[in-house]
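>>> sequence unavailable; structure follows:
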């Protein structure tokens, strides 16, 4: 075998090894551990969408939880709405499930179950599988209820609304 051919074989083998290494490492880099979330606790929120972050790794819906009367959003001592985030699957998978910027514009009232962060920050991972219920436009649920109780609500993402602990919102 001549040296030109040997060089091509060595370069090809090296490229294959590098490509295999990247392919094996990519899932580890792209996903974090669910140890961040308290999988023993489930919170169910009915809230109002403030924005959607369609990140490729994990779509997030930012929302202000509604008060128990379902007449307004919860507010902090400064009078500003308290904002939580719920993390979903990647944007492509979420869109395939019907969850996107277009289906959850700001002002949308919805209900979701999630496992909160262990740190106590106002965020969590969507219960999976777990349905998201979207209330009809400008029709919040009755006091203490969720969007699954509203006539005309839409179920998105499959599964059921999780039964939450007494700390649900």
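Arrived safely. Quick caveat, the model's predicted, so the values are computed rather than measured.
>>> now the protein, which segments are flagged as low pLDDT?
1-34, 163-169 (pLDDT under 70).
>>> hey, where'd the helices end up in it?
Taking DSSP state H as the test, the helices found in the chain are 3-30, 91-96.
>>> tally of neighbours for residue 143?
Residues near residue 143, counting by other Cβ atoms under 10 Å, number 11. Glycine gets a C-beta too; all of them are placed from N, C-alpha and C.
>>> my error: substitute residue 138 in the last question.
Around residue 138 there are 7 other residues, counting by other Cβ under 10 Å.
>>> before we move on, what about the one 10 residues further on?
Counted with other Cβ under 10 Å, the neighbours of residue 148 add up to 18.
>>> partner strands of the lengthiest strand in the chain, with direction?
As assigned by DSSP state E, the longest strand anywhere in the chain is strand 43-54. Strand 43-54 pairs in its sheet with strand 59-65 (antiparallel), strand 109-116 (antiparallel), by DSSP bridges.
>>> out of those strands, which is closest to residue 47?
Proximity to residue 47 (Cβ to Cβ) singles out strand 59-65 among these, at 3.7 Å.
>>> quick one: that closest one to chain centroid distance?
Mean-position distance between strand 59-65 and its chain equals 8 Å (Cα atoms, centre = their mean, to the nearest Å).
>>> ok, back up a step: ok, and for the longest strand of the chain, which residues are buried?
For strand 43-54, a neighbour-count test (16 or more other Cβ atoms under 10 Å) marks 43, 44, 45, 46, 47, 48, 49, 50, 52, 54 as buried.
>>> and the nearest residue to the fifth one once chain neighbours are set aside, how far from residue 53?
Nearest in space to residue 47, with sequence neighbours left out and distances taken as Cβ to Cβ, 6 or more residues apart in numbering, is residue 63 at 3.7 Å. With distances defined as Cβ to Cβ, to the nearest Å, the gap from residue 63 to residue 53 amounts to 12 Å.
>>> overlap in contacts, those two.
In terms of Cβ atoms under 8 Å, 6 or more residues apart in numbering, residue 63 and residue 53 are both contacted by the residues residue 85.
>>> how is the chain carved up into domains?
For the chain, the structural domains run 3-30, 36-156, going by automatic domain parsing.
>>> highest average neighbour count across those?
Across the domains of the chain, averaging neighbours per residue (mean count of other Cβ atoms under 10 Å) puts domain 36-156 on top, at a mean of 17.
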